[in-house]
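Asks: Just to be clear, the model below is a prediction. Sequence and coordinates:
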Amino acid sequence: MAAGGAADGDQRWLVECLTATLDTARDVRAFAEESLRQASFLPGYGAALTKVTINKEIPFGLPFVSCCSFTTCYLAAVLLKQFIKQHWQEDEENFVPPVVSASEKVVIRQLLLTSLDDSHGKIRTAISMAVAAIGQQDWPEDWPELLPLLLKLISDQNNGNGVRGALRCLALLSDDLDDTCVPKLVPELFPSLYRIISSPHLYENSLRAKALAIVHSCISMLGSMSGVYKRDTASLMTSMLDPLIEQFSVILNSPVQSQNPDDWSMQMETFVSSFKIYHLSSIQGSEDLDSVDYDSDGSERSLESFEIQLFELWTTIVGNSRLAKVIGGNIKELAYYTVAFQQITEEQVQSWSRDANQYVADEDDVTYSCRVSGSLLLEEIVTAYEDYGIDSILEASKMRFHESQELKQAGSADWWRLHEASLFALGSLSEQLCEAQDSGFAKYNVRDLLEQMLTDIMVTGVHQYPFLHARAFSVVAKFSSVISKEVSEQYLCNAARAIASDVPPPVKVGACRALAQLLPESSHDLIQPNIMGILSSLVDLLRQASDETLHLVLETLQSAIKSGGEQSTLIEPIISPIILDVWAQHIADPFISIDAIEVLENAPTVVVKAVFDTCFISTVQIVLESDDHGEMQNATECLAAFISGGRQELLFWGGEQGRTLKMLLDAASRLLDPVLESSVSLFVGSFVLQLILQMPSHLSPHIMDLIDAIVRRMQTSSIAGLKSSLIVIIARLVVKLLEFPVRLSTGEIQGAYQIKVTTTALALLISTRHPELSKIEVQGHLIKIFSLLADTLAEIQEQIGGGSDDDCEEDSDWEEVQNGDTSIPDDIMYSASVPSNANPSVEHLHAMAKVFDEDEDDSYDDDLTKSDPLNEVKLSDFLTNIFANLWENDRPLFEYLCQGLSDSQRSAVEKILRK
């Protein structure tokens, strides 16, 4: 923008332009916005924005600028921040030329520094953010006067706005300081901050809290430096530590006032004081306390968020091995108050009573609440203190349970909250507590405590205490392996009655959880008299369910169909149309549609046929005609489920001979079309694999066309997962049809089944000694394949303990991860450390296989592949035979391939040849 005498006009134009961006006329706003964008490339634009932002008198004849509207000034501040981000530093990621000149930078910095004490809070915050943004680039080399001026401002007790602006600026700066800046900053800054923290009679709590936040940021950085600069860090903090700790102690010992959010952010004191307020205001809802407030910087200030910060503090302390020893004597008390904090709040009661979907979502997801934070702390206690931690939590839960009984006898309406919280705390640690019960190391008997708590609930009213009954059902599901058969069966019957009765939605949610877990574990004699009623009730629930509850009901229905056996077929005419309707309505939702598919997949053949008659043609049409990625993916998985459930019988359900097979092949052809986007074909691997496994003889005439289509699809695929799944399909075809030699590409193969298929295919490929393998361009790959197989053999020998003569009878962890394997974390770490684009070694593939096998979400693919005869192949025996036969029948080829082996690979091969 122009300088000198033309500055008056330019400044006037800028103010008018900013004002025009607020005009109600769209064309006026658009013209003004474009004019400002063009002006941002001109010299002087940043300085002009700064002058409008700070709203000072302009020394060249523009008296109206001093009375610009607040909105115009704030808009100028927003644009100034954007201008600094884009034009201040050339090597920044968001840089847009031209760069601000050195002279203009000086003007902007000087103007901003003189305005950090602006009387308008929002303007002051905007100026602080601009100063911090520049300081991150220019301090200390190009802006040495920044820190002295900020320290001067925070030391001036008579200028409250200046203290606020400087602290805000320092808070922003401290968040982004590195290990080169903090040591320079701390010696000068901490004495000033200490003065604020230690002077409650001079500074309001919000300013003291801000000062504490800056101290925290700096100490965090010093802590990360201590490993490298331990001596320097120690000397830097020694003189400051004692006075700071003294002030922390003073703050923590002050009582919390429920009506003062500034107190909350200041005082990280014991749970005892803060719990009383939390209990009155949040759990009982008896105090009129706003649930959420915000400070001048826009940060949330609520009692809930304050308590969560307390939990984070305690979790950090417990997780630190040194500090954990210090507070070891207080762990029982800590667990005791944590359970109390986990009570359902009045706000949660109201929210969950209105919306069952919200209840399910909050139960399943890690939400921001005291309940979840408390569970995380209890988990950390168990990790840090092991058996002592478990005993402390069990004792705390038992004490809180007895307190709830005393409150009940005293006539308190809220007695159930402590009872529910005790069960919730135990349920969050179900895995650890079940292990403790099995080991017998726990001081308190988990089974006895649980059964006492659960039995007591049976005699209470479900309508009066719906959340208590819902928690009981959920806990029974989690501890089904611990509690007695009698209690489990009683709750199974109660759950069956609950889903058929007019009870509050949370109770039905808990009942569904209990049924999903207990039905597969219960005796046939108990289930059969009740299964028809359970199925009918679940069908009714399915008609009413939506969103989160729909997932839960489908999961429960799947469990009921499995447990019902042939009786499930009697209700098929009712179940099938509803399931199909759910699938059709949510076909673009991968989660719900997969749930619906799994229900069908586990149904008896007669149910699958009924579904086939209703929607098979429509499903194929979706694959052939739809352009929606989600619909096509879900339809593909549905077709795979049809084939898995119907097997070869499916081919005769469609009427005219060959019609069903043709429709399936047409669908495969569309999904393998190389011009389609890769995501559309993502699940074609499972679909084609089912064709190979369930319809081998009918598929044989089409093998060559299928292979050609798969190879073309692989060549255009941009998704590694799709390529990997198709490699497995080709490998499976190689195993079955060796007369069709193919070239296998390298990719990341994940999962035990996939690794076994590809390894078997590669071994058989070499064993054929096909003439095509002698071609020059193939031999290099052949040596790599031979090395990979030798590596596999070495890995198996290592897994089973050195490869003795008896050891090869089992494939150990290569084929199946055994329960209790303590090497899983190492495998996870190894897999995570290998770049995803690296060629996978056997160790990498094995590590991934073990991790993926542990993931229960992969049960869908496991169900589809469990019928493959290859699952019965023992890799150790199979590879031994391959190497031995090649050694005996084609020694020259064997020796040629051995030239690429490493010492460990060669040793593994020689070991089996000596047998």
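Replies: Arrived safely, thanks for sending.

Asks: Run through the strands of the chain in chain order.
Replies: Applying DSSP state E to the chain gives strands spanning 293-294, 300-301.

Asks: pLDDT score for the nearest residue to Q137 once chain neighbours are set aside?
Replies: Nearest residue to Q137 in three dimensions, chain neighbours excluded: Q89, at 5.0 Å (Cβ to Cβ, 6 or more residues apart in numbering). Yep, even glycine has a C-beta here, placed from its N, CA and C like the rest. With respect to pLDDT, Q89 scores 90.

Asks: ok, now how distant is Q89 from L454?
Replies: The gap separating Q89 from L454 is 64 Å, by Cβ to Cβ, to the nearest Å.

Asks: Repeat that for G646.
Replies: For G646, the distance to L454 equals 43 Å [Cβ to Cβ].

Asks: next one: I578
Replies: Distance of I578 to L454, given as Cβ to Cβ: 33 Å.

Asks: Kindly report the same for A425.
Replies: Plainly put, A425 is 15 Å away from L454 if you go by Cβ to Cβ.

Asks: now the helices for the stretch 1-150 of the chain?
Replies: In order along the chain, the stretch 1-150 of the chain carries the following helices (DSSP state H, counting those that start in this stretch): 7-20, 26-39, 45-54, 70-87, 102-113, 121-138, 146-155.

Asks: Now tabulate those in a markdown table and tack on distance to S626 and mean neighbour count.
Replies: Converted to a markdown table, these look like this (distance: least, Cβ to Cβ, whole Å; neighbours: other Cβ atoms under 10 Å):
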| stretch | distance to S626 | mean neighbour count |
| --- | --- | --- |
| helix 7-20 | 48 | 18 |
| helix 26-39 | 39 | 13 |
| helix 45-54 | 52 | 24 |
| helix 70-87 | 43 | 19 |
| helix 102-113 | 56 | 17 |
| helix 121-138 | 49 | 21 |
| helix 146-155 | 60 | 18 |
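
Asks: Can you say which of the ones you listed is nearest to F473?
Replies: helix 121-138 (49.5 Å; Cβ to Cβ).

Asks: which outside residues touch the closest one?
Replies: Applying Cβ atoms under 8 Å, 6 or more residues apart in numbering, the external contacts of helix 121-138 come out as 50, 53-55, 70, 73-74, 77-78, 80-81, 84-85, 88-89, 92, 105, 108-109, 112-113, 115-118, 143, 146, 161, 164-166, 168-169, 172-173, 176, 296-297.

Asks: quick one: it to helix 45-54, angle?
Replies: Regarding helix 121-138 and helix 45-54, their directions subtend 150 degrees when assessed with axes from the mean of the first three to the mean of the last three Cα atoms, to 10 degrees.

Asks: Helix 146-155 and helix 121-138, what's the angle between them?
Replies: 150 degrees.

Asks: re the thing from before, need the least confident one among the strands of the chain, by mean pLDDT.
Replies: In terms of mean pLDDT, the lowest-scoring of the strands of the chain is strand 293-294 (a mean of 55).

Asks: one step back: need the contact list for the residue nearest to Q137.
Replies: When contacts are counted by Cβ under 8 Å, 6+ apart, Q89 touches F95, V99, Q137.

Asks: Going by residue numbers, what spans are helices in the stretch 151-300 of the chain?
Replies: Under DSSP H, counting those that start in this stretch, the stretch 151-300 of the chain gives helices at 160-175, 182-197, 205-225, 230-252, 261-266, 271-278.

Asks: what's the least confident helix or strand in this structure, going by average pLDDT?
Replies: Among the secondary structure pieces of the chain, namely its helices and strands, helix 824-833 has the lowest mean (mean pLDDT, DSSP states H and E), a mean of 31.

Asks: thinking again about what came up before, and A425 and L454? which has more neighbours close in?
Replies: Comparing A425 with L454 by other Cβ atoms under 10 Å, the one with more neighbours is A425, at 24 against 21.

Asks: Report how many residues lie close to the residue nearest to that one when sequence neighbours are not counted.
Replies: On the basis of Cβ to Cβ, 6+ apart, the spatially nearest residue to A425 that is not a chain neighbour turns out to be V339, at 4.8 Å. Other residues near V339 come to 25 when the count uses other Cβ under 10 Å.

Asks: V339 against R400, yeah?
Replies: Yes - using Cβ atoms under 8 Å as the test, V339 is close enough to R400 to be in contact (4.8 Å).

Asks: Mutual contacts of these two, please.
Replies: L418, A421, S422.

Asks: Please flag which of the residues you listed sit within helices.
Replies: Secondary structure from DSSP state H places L418, A421, S422 of these in helices.

Asks: sorry, back to before: go through the helices of the stretch 1-150 of the chain and name the closest to V360.
Replies: Each of the helices of the stretch 1-150 of the chain was checked against V360 via Cβ to Cβ, and the shortest separation belongs to helix 121-138, namely 39.8 Å.

Asks: That closest one vs helix 160-175, what angle?
Replies: 40 degrees.

Asks: how far does helix 121-138 sit from the chain's center?
Replies: Chain-centre distance of helix 121-138: 34 Å, with Cα atoms, centre = their mean, to the nearest Å.

Asks: One more: stretch 897-907?
Replies: The chain centroid and the centroid of stretch 897-907 are separated by 42 Å under Cα atoms, centre = their mean.

Asks: tell me which residues of it are tucked away?
Replies: L897, C898, G900, L901, Q905, R906 (16 or more other Cβ atoms under 10 Å).

Asks: same thing with stretch 717-728?
Replies: Of the residues in stretch 717-728, those scored as buried under the neighbour-count criterion (16+ other Cβ under 10 Å) are S717, G721, L722, K723, S724, S725, L726, I727, V728.

Asks: Kindly provide the whole-number mean pLDDT of stretch 343-353.
Replies: 91.

Asks: Residues contacting that stretch, please?
Replies: By Cβ under 8 Å, 6+ apart, stretch 343-353 touches 279, 282-285, 291, 358-359, 362, 369-371, 417-418, 420-421, 466-467, 504-506.

Asks: For F652, grab the count of nearby residues.
Replies: When neighbours are defined as other Cβ under 10 Å, F652 has 10 of them.

Asks: want to throw the contacts of Q89 into JSON lines with pLDDT and distance to L207?
Replies: Output for those, formatted as JSON lines (pLDDT from 0 to 100; distance: Cβ to Cβ, whole Å):
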{"residue": "F95", "pLDDT": "88", "distance to L207": "35"}
{"residue": "V99", "pLDDT": "92", "distance to L207": "36"}
{"residue": "Q137", "pLDDT": "88", "distance to L207": "27"}
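
Asks: Is it possible to get CSV of these that adds distance to G440?
Replies: Formatted as CSV, the contacts of Q89 follow (distance: Cβ to Cβ, whole Å):
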residue, distance to G440
F95, 65
V99, 71
Q137, 63
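
Asks: Could you point out which of the residues you listed is nearest to Y385?
Replies: Each of these was scored against Y385 by Cβ to Cβ, and Q137 proved nearest at 47.2 Å.

Asks: Show the contacting residues for the residue nearest to A425.
Replies: For V339, the contact set (Cβ under 8 Å, 6+ apart) comprises G374, I393, A396, S397, R400, L418, A421, S422, A425.

Asks: ok, and the most crowded of these?
Replies: Most crowded among the contacts of V339, counting by other Cβ under 10 Å, is I393 at 30 neighbours.

Asks: what about it, distance to E637?
Replies: Taking Cβ to Cβ, one finds I393 at 42 Å from E637.

Asks: G319 reaches Y385, doesn't it?
Replies: No - with contact taken as Cβ under 8 Å, G319 and Y385 are classed as non-touching, separated by 11.3 Å.

Asks: From A126, how far off is the closest residue to A166 other than its chain neighbours?
Replies: If you skip the residues right next to it in sequence, A166 has L153 as its closest partner in space, 3.8 Å away by Cβ to Cβ, 6+ apart. From L153 over to A126 the distance is 17 Å, taken as Cβ to Cβ.
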